[in-house]
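> build the 3D model from these lines:
(one chain, ligands or ions: 1)
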Amino acid sequence: MQRENWASRLGFMLAAMGSAVGLGNIWRFSYVAGENGGGAFLILYILSVLVIGIPLLLVEVSIGRKAQRDIVGSYKKLAPKQPWFMVGYLGVASAFLILSFYSVVAGWALYYWWRYVTGAMTEMPDIGFGGSFEAFISQDYAPLFWHALFMGITMFIVLVGVKKGIELANKILMPILALMMIALAIYSVTLPGAGEGLAFLFQPDWSVLDDPSVYIAALGQAFFSLSLGVGTMMTYGSYLTKQHQLPGATVGIGVMDTLFAIISGIVIFPAVFAFGIDPSSGPPLVFITLPEIFYQMNFGGVIGLVFFTALSLAAISSSISLLEVPVAYLMRAANMSRKLASLIVGLVIFASGVTVSLGMGKWSGITLIGDRNILDSMDFLSSNVFLPIGGVTMALFVGWYFSKQEALEASDLTNNPIGGLWYVLVKFIAPFIIAIIFLNSLGIV
Ligand code: PHE
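Next up is the predicted model:
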């Protein structure tokens, strides 16, 4: 069977940006930054993206393009009879875990979208926006309906094949989302009390760096937000041909993704302080702050509608890239059709997501890792453990298993002046830093 390919390099870039930009930039970035003290976290996060994230993005896409296979198949093909392919299974497991909670949170976003459609959000609930959000997510069935709807849409797109629907949707919606975020940021900084929020985000309080968990949080956020270490970018890279140049594309993806996160911080934190919300409220943060902003604004009902439309679509372009990892694997390994693989994996992930959703209400007493509920545990395990391990192994694979010439060749850096720097980063520096941060977070170094 002929493998699928992107129509153009732009098609790949849009899909990869669509994958990178999603709930991670708005929902996850703001709550993780809020929990980790703001400014100092932001600096660590940006450093992680520049020194580790972007170089590894190039690594991951290069492996996929060279092998022309899913993540497990890529390692098996490039390193036959060697244990590297085990990392492939780790990637498949990460995609599975992330999508289990991603689709629940995206379901919340869809629900908010619907409330803006019906106009329900133009009235202040008696229990406030925070109270009404908590009341919603802790129900048994209503959030599951939205989770099912979101998973259904994701499965449908992956099942049909990615080219038509998603490339087009991304082309139109990403610019709209970007413009809206910028407009909201301008509005947000004019709120009374905005200065405190900006100071929280841009004036680092270095004392938070004493806590080892901040480093792994920043690294984990960089991996999550860049869709790195899962095999998503490898799989997307495998649909590229050798004629497309990779370095510029990966830098573009990384920079765009980071700008989105910073702008969303400028939207969220002034509002957090203006409305007296606790920045460390965790996962619900944006679902409380944004409705507050929209409620205060003129035409907030319409703006909220467009915003949640764009956010839901950004979530879809990321979720399909997550589903694509196990689907591409099953299609090759089990020789399954795209349709069957999408259906099976989608249903299993949906079921796993049900536990996440119930974990916000009925099962909120269940804690898996430390005192984390099901959502937080899955998020912690995938972002702060699996993705860094996945990323480090990719770097080691290209840095040590490939010859230098092969590594540069695979990533289109032969004869490029930054090739040498990139190679040193990938071979030594990035693995070293990741290892230190990782071991440090476990209390080992
Ligand atoms: N990067 C996506 C986001 O920020 C989430 C994602 C993670 C997608 C890993 C694919 C792989 O929303």
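> can you list the low-confidence ranges for the stretch 201-350 of the chain?
For the stretch 201-350 of the chain, no stretch has pLDDT under 70.
> how about Met233, what does it touch?
Each residue near Met233 by Cβ atoms under 8 Å, 6 or more residues apart in numbering is listed here: 16, 19, 57, 60-61, 64, 226-227. C-beta coordinates here come from the backbone N, C-alpha and C atoms, glycine included.
> which element is it on?
helix 232-238 (DSSP states H and E).
> chain center to that helix: distance?
Centroid separation between helix 232-238 and its chain, computed with Cα atoms, centre = their mean, to the nearest Å, is 15 Å.
> got it, and stretch 151-164?
Its chain's C-alpha centre and that of stretch 151-164 lie 18 Å apart, by Cα atoms, centre = their mean.
> same check, this time on stretch 327-346
In terms of Cα atoms, centre = their mean, the centre of stretch 327-346 is found 23 Å from the chain centre.
> now do the buried residues in that stretch.
Residues 327-333, 336, 338, 341-346 are the ones in stretch 327-346 that count as buried (16 or more other Cβ atoms under 10 Å).
> how about stretch 171-180?
By neighbour count on 16+ other Cβ under 10 Å, the buried set for stretch 171-180 is 173-174, 177-178, 180.
> for that stretch, give the mean pLDDT please.
On average, the pLDDT along stretch 171-180 is 81.
> how about residues contacting it?
14, 17-18, 21, 260, 263, 303, 306-307, 310-311, 313-314, 317.
> residues from this structure in reach of the ligand?
Residues of the chain found near the ligand (Cβ under 6 Å from any ligand atom) are 19-20, 22-25, 98, 224-225, 227, 230, 232, 318, 321-322.
> go through these and flag which are in strands.
Using DSSP state E, no member of the residues of the chain next to the ligand sits in strands.
> ok, which stretches of the stretch 1-150 of the chain are helices?
Ranges of helices in the stretch 1-150 of the chain, per DSSP state H, counting those that start in this stretch, are 9-20, 23, 29-35, 39-47, 54-67, 71-78, 85-118, 128-137, 142-160.
> next up, phi/psi of whichever residue of the stretch 101-250 of the chain sits closest to the ligand, please.
Taking Cβ to the nearest ligand atom, the ligand has its nearest neighbour within the stretch 101-250 of the chain at Ser227, 3.5 Å off. Main-chain dihedrals, Ser227, degrees, to the nearest 10: phi 60, psi 50.
> quick one: average pLDDT of stretch 51-71?
Averaging pLDDT along stretch 51-71 gives 97.
> which of the residues in it are buried?
52-71.
> can you map out the helices along the stretch 151-300 of the chain?
Counting by DSSP H, counting those that start in this stretch, the stretch 151-300 of the chain has these helices, from start to end: 163-189, 194-202, 213-225, 232-238, 247-274, 285-296, 300-333.
> among those helices, which is nearest Leu387?
Taking Cβ to Cβ, helix 213-225 is the member of the helices of the stretch 151-300 of the chain nearest to Leu387, at 3.9 Å.
> relative to helix 9-20, how tilted is that closest one?
140 degrees (axes from the mean of the first three to the mean of the last three Cα atoms, to 10 degrees).
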